[in-house]
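> Coordinates only, no sequence provided:
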Ligand code: IMP
């Protein structure tokens, strides 16, 4: 990987020429979708499954963006690779945004158990049960560079829908069978990966990331719009 010094003499990677990138996720459903969006880039993609196991960080952020950045920094530190992480979840309006950042940890050992509990919580509320999936993405540099602190790139994307009256389909993962997407007139559990990715939160966020990476490569440097959308 090439490196350079910026105007303040701070060493920073020329990440646009980076050949190796870590997708910091252990969720096979997410990794499959992210690989599909990044396919064809001349970058070697690693996932956490390719590296020695490390303990997962505690996701203590109050927002998806905070958790995405926390995970990106943590795994960049342990892998010493340029790292992209995401945090995502299901936000249900009638439940004041829950399960939200706790989606993976919502009570229930299996997704059918989580669904049953959610339907119990939703029962007193009138339909439609409007909801959205949210995906926050953060891309950071390696630990010895300034870009390990503020993200090199960050974005957030959503897809609007409703909680279906009952689970439908077995495609995708997680809450897909209960997420009804009105333009498709069915749930994400009932469409293939390609149709889901075309409209869903993770597909949108990672396409934006891909465009940003590609723009940097074509110009031989960081695009001028390289401004983090959040800092901590
Ligand atoms: P985390 O980002 O690892 O905290 O976990 C996000 C959780 O949100 C996943 O484990 C799923 O339960 C849920 N989730 C996020 N994106 C999707 C999706 O595209 N389909 C279904 N469930 C999702």
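Cool, the structure landed. Here the structure is a predicted model, which is why all the values come from computation and not from measurement.
> any idea how far the residue nearest the centre of the chain lies from the ligand?
By C-alpha atoms, centre = their mean, the mean C-alpha position of the chain lies nearest to residue 86, the distance being 2.9 Å. Between residue 86 and the ligand the distance is 7 Å, computed by C-beta to the nearest ligand atom, to the nearest Å. Just so you know, the C-beta spots here come from the backbone N, C-alpha and C atoms, and that holds for glycine as well.
> Not counting sequence-adjacent ones, nearest residue to that residue?
residue 137 (4.8 Å; C-beta to C-beta, 6 or more residues apart in numbering).
> my guess is the one you found contacts residue 212, does it?
No - using C-beta atoms under 8 Å, residue 137 is not in contact with residue 212; the gap is 10.0 Å.
> Now list whatever residues contact both of those two.
With contacts taken as C-beta atoms under 8 Å, 6 or more residues apart in numbering, residue 137 and residue 212 have residue 153 as neighbours in common.
> Which one's more surrounded, these two?
The neighbour count for residue 137 versus residue 212, taken as other C-beta atoms under 10 Å, is higher for residue 137 (29 against 19).
> give me the element the more buried one is part of.
Assigned by DSSP states H and E, residue 137 belongs to strand 130-140.
> Can you name the element that comes right after that strand?
strand 153-163.
> Neighbouring strands of the helix or strand following that following strand in the sheet, and parallel or not?
As assigned by DSSP H and E, the chain's next helix or strand after strand 153-163 is strand 179-181. According to DSSP bridges, strand 179-181 forms sheet pairs with strand 153-163 (antiparallel), strand 186-187 (antiparallel).
> Identify all contacting residues around strand 179-181.
By C-beta under 8 Å, 6+ apart, strand 179-181 touches 90, 131, 133, 159, 161-164, 168, 186-189, 191, 199.
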